[in-house]
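Visitor: Would you be able to build a 3D model of this:
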Amino acid sequence: MRKLVLLIALLLPLPALAETVRLGERHYRIELPARPEGAPLIIALHGGGGDPDQFAAASGLAGAATRAGYAVAFPAGSGRRDERLLTWNGGYCCGYAMRRGIDDEAFLKAVIADAGARFGLRRQGVYLTGMSNGAILAETFAARNPGLVRAVAGVAGTMDTGSTRVRGRVPALIIHGTADTMVPYGGGRGEGSLTRTDFAPVRTVVKAFLAPWGGGIHAVSRSVDRISDGTSVRIGDYSKRGLVILRLITIEGGAHHWPGGRKARLAEGKTQEIDANAEMLRFFALHP
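Guide: Numbering: from 1, shown residues only. You can find the predicted model right below:
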């Protein structure tokens, strides 16, 4: 019996490891796979008014990602009360971080360097994702630092395409709902937003990330509508030489949320058609 228990223990995956790391006056939470040495790193940015613990719990990303062999770092934005109601400076959004001109680009570079050195993670390129204000910074960082990023996934946020140019080829996944009133799919002023600036439309983000790839891009689309939840999904793939370089997932009737996440207070526009974590990991796997 003892040998059987030992054999089962050896066959089971080791549990993920979680730790909070102080980095100067700020911090990041990191969740590691069972074997972190050489693991790829995902940087996951919370939305405006959130924090690392809140986003980790609401998205459920760490569990799915660490099981797939990724490490996930959840950096903390900045706020007037330091550890609460945190935001990112994504250029035209949002809140405290934007008003104070916080250099979040430098902070993310510091997190990437520290996590790689401290935990022995893969050094050659990271994956970036974020929700809302976090998506804005994730896309902006990827656009400005293509050499550091293997792929980016933005959920319910659009970078300032009027002032940000994508400087190199970065594969991008964009997930956004057409009924999003916080960051409207077609652009413009958001209801209850932390900024009074008009947001860029999703189509301009698609155009910006496709631009560095040049010509010869092939586009196909498909629909997903298996569940009667008031939403349906359109998936548009843009490929070059057989590789999907950009995937646009449009949630018809979808509101401002992380698909598959645990945002209980959102009653409407919450799709069950897709899971953001599964879609993201599937896309990242195309760009190892």
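Visitor: Now do the contacts for the one residue sitting closest to the centre of the chain.
Guide: By Cα atoms, centre = their mean, the chain has its centre lying nearest to Thr129, at 1.7 Å. Applying Cβ atoms under 8 Å, 6 or more residues apart in numbering to Thr129 gives the contacts 42-45, 61, 135, 138, 152-155, 280. C-beta here means a position set from N, CA and C on the backbone, and glycine is covered the same way.
Visitor: Which ones among those residues lie within strands?
Guide: Among the contacts of Thr129, the ones falling in strands (DSSP state E) are 42-45, 152-155.
Visitor: between the residues you listed, which is closest to Leu173?
Guide: Nearest to Leu173 among these: Ala153, at 4.0 Å, using Cβ to Cβ.
Visitor: what's the distance between that closest one and Lys270?
Guide: Distance of Ala153 to Lys270, given as Cβ to Cβ, to the nearest Å: 19 Å.
Visitor: now the strand or helix carrying the residue nearest to the centre of the chain, how far from the centre of its chain.
Guide: Per DSSP states H and E: Thr129 is located in strand 126-131. Here strand 126-131 is found 3 Å from its chain centre; the criterion is Cα atoms, centre = their mean, to the nearest Å.
Visitor: same deal with stretch 18-36?
Guide: 17 Å.
Visitor: swap in stretch 163-175?
Guide: Centre-to-centre, stretch 163-175 and its host chain are 13 Å apart (Cα atoms, centre = their mean).
Visitor: quick one: buried residues of that stretch?
Guide: 164, 166, 170-175 (16 or more other Cβ atoms under 10 Å).
Visitor: what's the closest non-adjacent residue to the residue nearest to the centre of the chain?
Guide: Take Thr129 and drop its neighbours on the chain: the residue closest to it by Cβ to Cβ, 6 or more residues apart in numbering is Ala153, 4.2 Å away.
Visitor: Might one say that the one you found is in contact with Val170?
Guide: No: taking contacts as Cβ atoms under 8 Å, Ala153 lies outside contact range of Val170: 10.8 Å.
Visitor: So for Ala153 and Lys270, which sits in the more crowded spot?
Guide: Ala153 (28 against 22; other Cβ atoms under 10 Å).
Visitor: so what pLDDT did the more buried one get?
Guide: You'll see Ala153 listed with a pLDDT of 98.
Visitor: Mind jotting down where the helices sit in the stretch 151-288 of the chain?
Guide: With DSSP state H, counting those that start in this stretch as the criterion, the stretch 151-288 of the chain has helices at 202-210, 276-285.
Visitor: now the last one: mean pLDDT?
Guide: Confidence over helix 276-285 (mean pLDDT, whole number) is 98.
Visitor: Distance from the chain centre to that helix, please.
Guide: What separates the centre of helix 276-285 from the centre of its chain is 10 Å, taken as Cα atoms, centre = their mean.
Visitor: which regions of the stretch 1-150 of the chain sit below the pLDDT cut-off?
Guide: Within the stretch 1-150 of the chain, the segments meeting pLDDT under 70 span 1-16, 81-84.
Visitor: one more time with 80
Guide: In the predicted model, the stretch 1-150 of the chain carries pLDDT under 80 at residues 1-17, 81-84.
Visitor: now the strands for it?
Guide: With DSSP state E, counting those that start in this stretch, the ranges of strands along the stretch 1-150 of the chain come out as 17-23, 26-32, 41-45, 71-75, 126-131, 149-155.
Visitor: Listing partners with orientation, what would you give for the third one?
Guide: Strand 41-45 pairs in its sheet with strand 71-75 (parallel), strand 126-131 (parallel), by DSSP bridges.
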